[in-house]
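1. Coordinates for the following, if possible.
(2 chains)
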Amino acid sequence: MREEIIGDYNVIPDSLPAEGDVFVRVKPIDMISYWKRCGLMADFTASFYAFTREDAAVQENIISTVFNELIENATKYSVKRSGEVSVNMKMYDTVLKIQVENQTTQNHFAKFKAHIQELLATEDLDQLYMDILVSKTSDTPKESGIGLLLLLKDYGVKLGVKFEEDQTKDLYKTTIQAYYFFEN
Amino acid sequence: MELQIGDSQLHYDTTNCQVHIAGSMRLPNMQEYDAITQFLKSAAAQCKEHLTIDLSKLNFLNSSGITTLSLFIIHASKTGKPQIKVVGSQDIPWHTKSLSNFKKLWKEVALEIK
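-> Prediction:
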């Protein structure tokens, strides 16, 4: 198994006890069959953690938005029938760590890695945002989306990704960690 | 003109050239958003000078939806028409965080967060 880590991964290690720990595992096919389930999961997990906050409605909306982008991506690009998407959300005082694990195809694995490398290396996220969108109106559109970019740019989320591959087993696994910092 | 799609509702008011989008819009992909693009293009065809897109009751819009609106704005920017005003709400975080991105795509976009 070959492993590569890009970005802010394990900023908060699993060994640190969390104040809240929610784990959910779903089959991508169930989400794709009924897409609304992505939003339902996002809304549930958001309210689970946000209701204790003073600005609960605001935080609920933000967490739901962040979670929804992560679960939509993981679902869309998973090995549809045999794969699983695992989501682990841990609360640490003012930081919410969302970890999403899935198995994907070799093709998407390579594209996603290139996208993450570009995303985390760029010094100007605004420019990248414009470049991606403007390219989509051109003859050579960029394939990458703007979901993760918006989380970094507009929500101050920190992202890290672990890429694991075993070509002999046709196994391509990605584990993305998103850290959302509650605004005080 | 009305459109109900998923958990969202679109209403186009011809009298004041305003498109109102409300609810939660989290469609799975860009193909599904074609209906929204067509709705906006149809409104723009009738309101050639000014078009207001009122999002102040749109609680959620996923990144495919933001891409769809962004592409509509880029498209309008190429001809300069219609001039677009986007209305958002101070109470909805994605509005305060992300709506200003539209101005980066076309600086002529007017933005009102109320």
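2. buried set for the biggest helix by length in chain A?
-> Determined from DSSP state H, the single longest helix within chain A is helix A:56-76. For helix A:56-76, the neighbour count (16 or more other CB atoms under 10 Å in any protein chain shown) marks A:58-76 as buried. For the C-beta atoms, the positions are set from N, CA and C on the backbone; glycine is no exception.
3. What residues of the following helix or strand past that helix count as buried?
-> Counting by DSSP states H and E, the next helix or strand C-terminal to helix A:56-76 is strand A:85-92. By 16+ other CB under 10 Å, the buried positions in strand A:85-92 come out as A:85, A:87, A:88, A:89, A:90, A:91.
4. Could I get the average pLDDT for strand A:85-92?
-> Mean per-residue pLDDT for strand A:85-92: 95.
5. For it, give me every contacting residue.
-> A:12, A:16, A:18-28, A:31, A:41, A:45, A:48-49, A:67, A:70-71, A:74-75, A:78, A:96-102 (CB atoms under 8 Å, 6 or more residues apart in numbering or on different chains).
6. If any of those residues are buried, put those into a ChimeraX selection.
-> A single ChimeraX command selects the buried members of the contacts of strand A:85-92 (16+ other CB under 10 Å):
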select /A:18,26,27,28,31,41,45,49,67,70,71,74,75,78,96,97,98,99,100,101,102
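7. follow-up on the earlier one: pick the one among the buried residues of strand A:85-92 closest to residue B:39.
-> Using CB to CB, residue A:85 comes nearest to residue B:39 of those, at 31.8 Å.
8. can you pull up the bridge partners for that closest one?
-> residue A:26, residue A:102 (DSSP bridges).
9. what's the distance between the residue in chain A that chain B sits nearest to and residue B:48?
-> Across chain A, the shortest distance to chain B (CB to the nearest CB) belongs to residue A:147, at 3.5 Å. Here the criterion is CB to CB, to the nearest Å. By it, residue A:147 lies 33 Å from residue B:48.
10. for residue A:1, what are its contacts?
-> By CB under 8 Å, 6+ apart, the contact set of residue A:1 is A:164, A:165, A:166, A:171.
11. Now do the contacts for the last one.
-> Shown here is residue A:171, whose contacts under the criterion CB under 8 Å, 6+ apart are A:1, A:103, A:164, A:165.
12. Restricted to helices, list the residues you listed.
-> Among the contacts of residue A:171, no member is found in helices (DSSP H).
13. Any of these buried? List them.
-> Buried members of these, scored by 16+ other CB under 10 Å, are A:103, A:164, A:165.
14. and chain B, which of the residues you listed contact it?
-> Near chain B, judged by CB under 8 Å from any CB of the partner chain, there are no entries from the buried ones among the contacts of residue A:171.
15. Closest to residue B:74 out of those?
-> Residue B:74 has its nearest neighbour among the buried ones among the contacts of residue A:171 in residue A:103, at 35.0 Å by CB to CB.
16. Model confidence for the closest one, exactly?
-> Per the predicted model, pLDDT is 93 at residue A:103.
17. excluding its backbone neighbours, what's nearest it?
-> residue A:83 (4.3 Å; CB to CB, 6 or more residues apart in numbering or on different chains).
18. repeat for residue A:30
-> Per CB to CB, 6+ apart, closest to residue A:30 is residue A:37, 6.6 Å.
19. between the one helix or strand that neighbour maps to and strand A:85-92, how many degrees?
-> Counting by DSSP H and E, the element that carries residue A:37 is helix A:36-50. Our comparison of helix A:36-50 with strand A:85-92, counting by axes from the mean of the first three to the mean of the last three CA atoms, to 10 degrees, yields an angle of 20 degrees.
20. Now do the helices for chain B: every range, in order, please.
-> Along chain B, counting by DSSP H, helices occupy B:34-46, B:63-79, B:93-98, B:101-105.
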